[in-house]
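Peer 1: Sequence and predicted structure below; questions after.
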Amino acid sequence: MIRSLALLLLSTLPASAQTLTEMSGSIDACHQPTANVDDTVTSLAQQGWALVPQGDLSPETIELLIWPQVAFYATGDTGGEQIKAIVDLQRKTVAGFAKKKDIPQSKTRILTRQIGSDTEAALVFWLQPDPAQTNIICRFALSSASLSGQPTEDFAAPRVVETSPTQRFAITPMNAASLATKIGAPVTVSGTLETQTSFPSQE
């Protein structure tokens, strides 16, 4: 079901950004209601994702994980900031995620996986904004192995699919070559994927 919806969604994109692969199982894992964030991690491990230990992140992992954050701002209200300034800010934000300690209402996990010679990364947020509701948000930085094609602009407008009233995912293809020129650093991410689900908290 998820795969067919993703392909239907991408058929509306330009021909240069029409292939999403290797992600249907990961979307399913992030949409499963769980009372424990580590259950989501276990499900993602079955799709090849490996948990990154808490602490300092490698520069490579930071460079991957900035892009789901940057895409969120760049496709919304940037406040007039240039892309390089947003990238510099998100490098600090991402590094902080790796040192964030769990509290009952908020838990964060970082994962990576290898797809051939490419590395991908994911941020998983488990949140309880109130005691009766739990939200799980997964933000993926994808390589060309999982999201191929290149929009003409830096970021294509996010394409959103609602798989149920409480589940959705959004795909944002990126122009890595253009972004690399603007920030003066290599960009190996071809696009981002964000999943969201909410459900009644389990006793």
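Peer 2: Sure, I can see it. Because the structure is a prediction, the values reported are computed rather than measured. Numbers count the residues shown, from 1 in each chain.

Peer 1: what's the helix or strand containing Y73 packed up against?
Peer 2: Secondary structure assigned from DSSP states H and E places Y73 in helix 59-74. Packed against helix 59-74 by the contact rule (3 or more Cβ pairs under 8 Å, 6 or more residues apart in numbering; DSSP states H and E) you find helix 83-97, strand 106-115, strand 118-130, strand 133-142, strand 191-200. To be clear about C-beta, it is placed using only N, CA and C from the backbone, and glycine gets the same treatment.

Peer 1: Could you say which of those is packed most deeply?
Peer 2: Relative to the other members of those, strand 133-142 carries the highest mean neighbour count by mean count of other Cβ atoms under 10 Å, namely a mean of 23.

Peer 1: What pairs with the following helix or strand past that strand, parallel or antiparallel?
Peer 2: Scanning forward in sequence from strand 133-142 by DSSP H and E, the next helix or strand is strand 147-148. Paired with strand 147-148 in the same sheet, following DSSP bridges, are strand 19-20 (antiparallel).

Peer 1: rewinding a little: can you put the helices and strands packed on helix 59-74 in a markdown table and add distance to T21 and mean pLDDT?
Peer 2: Output for the helices and strands packed on helix 59-74, formatted as a markdown table (distance: least, Cβ to Cβ, whole Å; pLDDT from 0 to 100):
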| stretch | distance to T21 | mean pLDDT |
| --- | --- | --- |
| helix 83-97 | 25 | 90 |
| strand 106-115 | 9 | 95 |
| strand 118-130 | 12 | 95 |
| strand 133-142 | 10 | 97 |
| strand 191-200 | 12 | 95 |
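
Peer 1: Return the helix holding Y73 as PDB; C-alpha atoms alone will do.
Peer 2: Extracted in PDB, the C-alpha atoms of helix 59-74 (Å, rounded to 0.1, in the frame of the first residue of the first chain):
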ATOM      1  CA  PRO A  59      31.200  14.900  10.400                       C
ATOM      2  CA  GLU A  60      29.800  12.600   7.600                       C
ATOM      3  CA  THR A  61      26.600  11.900   9.700                       C
ATOM      4  CA  ILE A  62      26.200  15.500  10.500                       C
ATOM      5  CA  GLU A  63      26.400  16.500   6.900                       C
ATOM      6  CA  LEU A  64      23.700  14.000   6.000                       C
ATOM      7  CA  LEU A  65      21.300  14.900   8.800                       C
ATOM      8  CA  ILE A  66      21.400  18.700   8.200                       C
ATOM      9  CA  TRP A  67      19.400  18.200   5.100                       C
ATOM     10  CA  PRO A  68      16.000  17.100   6.400                       C
ATOM     11  CA  GLN A  69      16.200  20.100   8.800                       C
ATOM     12  CA  VAL A  70      17.400  22.500   6.000                       C
ATOM     13  CA  ALA A  71      14.700  21.300   3.600                       C
ATOM     14  CA  PHE A  72      12.000  22.000   6.300                       C
ATOM     15  CA  TYR A  73      13.100  25.600   6.600                       C
ATOM     16  CA  ALA A  74      14.000  26.200   2.900                       C
END
